[in-house]
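Peer 1: Mind looking at a prediction? Sequence and model below.
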Amino acid sequence: METIIYVAVSANGLILLTSEDNYQIPVELLQDCMGLAHQTGNMVIGLNTYRLFSNNANALEAFKGVEIAVLSSSCEEELEGVTVLKNIDAVREFYKAKGYSKIFVAGGAYTYQSFLKEGHADEFYINYLPILTAAGALLVSHIPADKILEIKENKVIAENIVQLHFTTK
């Protein structure tokens, strides 16, 4: 099962965390993310990203028809319209049972790092925003082995957002 990582990073390479209030998700980035989520039919996000989306009725409406899983080892509450899963294996089994061949991972830092730590990342959409910050998180903290990437595409998706689309070799 292939895994696609979709992330917004600062110019100095840190994951931009909306919880730090150092940036707001640009509409163009959200639209691009929605397009890929609808293309794969699913999306994995962390609890903080879910809370960000759930506070915006338009965001949740935009993802209607997308099978959303929230990765959280600590969430005990039921979340409306999503499935809460405790670990990567549970996420992979959940989507495999539903017949998906790809998993789309769209936030946040713990979620990205969990997939990378387990060696599950086949494609990356890395969106660079013109912000220098110390308030972000590392995309990679622990990985089982170096990953050699190949640029599949690069494009400007908004006036100030450059997207690099990588695949693993």
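Peer 2: Structure received. The structure displayed is predicted, hence computed values, not measured ones. Numbering: from 1, shown residues only.
Peer 1: Need the contact partners of the top helix by length along the chain.
Peer 2: When every helix of the chain is counted residue by residue (DSSP state H), the longest turns out to be helix 27-40. Residues from elsewhere that reach helix 27-40, judged by C-beta atoms under 8 Å, 6 or more residues apart in numbering: 4, 6, 8, 43, 59, 62-63, 65-66, 100, 102-104, 106, 125, 127, 157-158, 161, 163. Using the backbone N, CA and C atoms, a C-beta is placed for each residue, glycine as well.
Peer 1: Just the buried subset of those residues, written out for ChimeraX, thanks.
Peer 2: Buried subset of these, written as a ChimeraX selection, criterion 16 or more other C-beta atoms under 10 Å:
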select :4,6,8,43,62,63,66,100,102,103,104,106,125,127,157,161,163
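Peer 1: and the residue nearest the centre of the chain, what does it touch?
Peer 2: To find the centre residue of the chain, average its C-alpha atoms and take the closest one (C-alpha atoms, centre = their mean): that gives residue 106, at 1.6 Å. Residues near residue 106 by C-beta under 8 Å, 6+ apart: 6, 33, 36-37, 43-45, 49.
Peer 1: what do you get for residue 149?
Peer 2: Shown in contact with residue 149 (C-beta under 8 Å, 6+ apart): 124, 166-169.
Peer 1: can you pull the buried residues of the longest helix of the chain?
Peer 2: Residues of helix 27-40 classed as buried by neighbour count (16+ other C-beta under 10 Å): 28-30, 32-34, 36-38, 40.
Peer 1: any idea which of the residues you listed is the one closest to residue 84?
Peer 2: residue 37 (17.8 Å; C-beta to C-beta).
Peer 1: Can you tell me the element residue 121 falls in?
Peer 2: Using DSSP states H and E, residue 121 sits within no helix or strand.
Peer 1: if I look at it, how far off is residue 79?
Peer 2: Here the criterion is C-beta to C-beta, to the nearest Å. By it, residue 121 lies 25 Å from residue 79.
Peer 1: before we move on, back to that, widest-spaced pair of the contacts of residue 106?
Peer 2: Checking the contacts of residue 106 against each other with C-beta to C-beta, the farthest-apart pair comes out as 36 and 49, at 14.8 Å.
Peer 1: sorry, back to before: show me which of the contacts of residue 106 has the smallest pLDDT value.
Peer 2: When those are compared on pLDDT, residue 49 comes out lowest, with 89.
Peer 1: Which residue, other than its chain neighbours, is closest to that one?
Peer 2: Among residues not flanking residue 49 along the chain, residue 107 sits closest, at 3.7 Å (C-beta to C-beta, 6 or more residues apart in numbering).
Peer 1: Same check on residue 68?
Peer 2: In space, residue 68 comes closest to residue 82 once its chain neighbours are excluded; the distance is 4.4 Å by C-beta to C-beta, 6+ apart.
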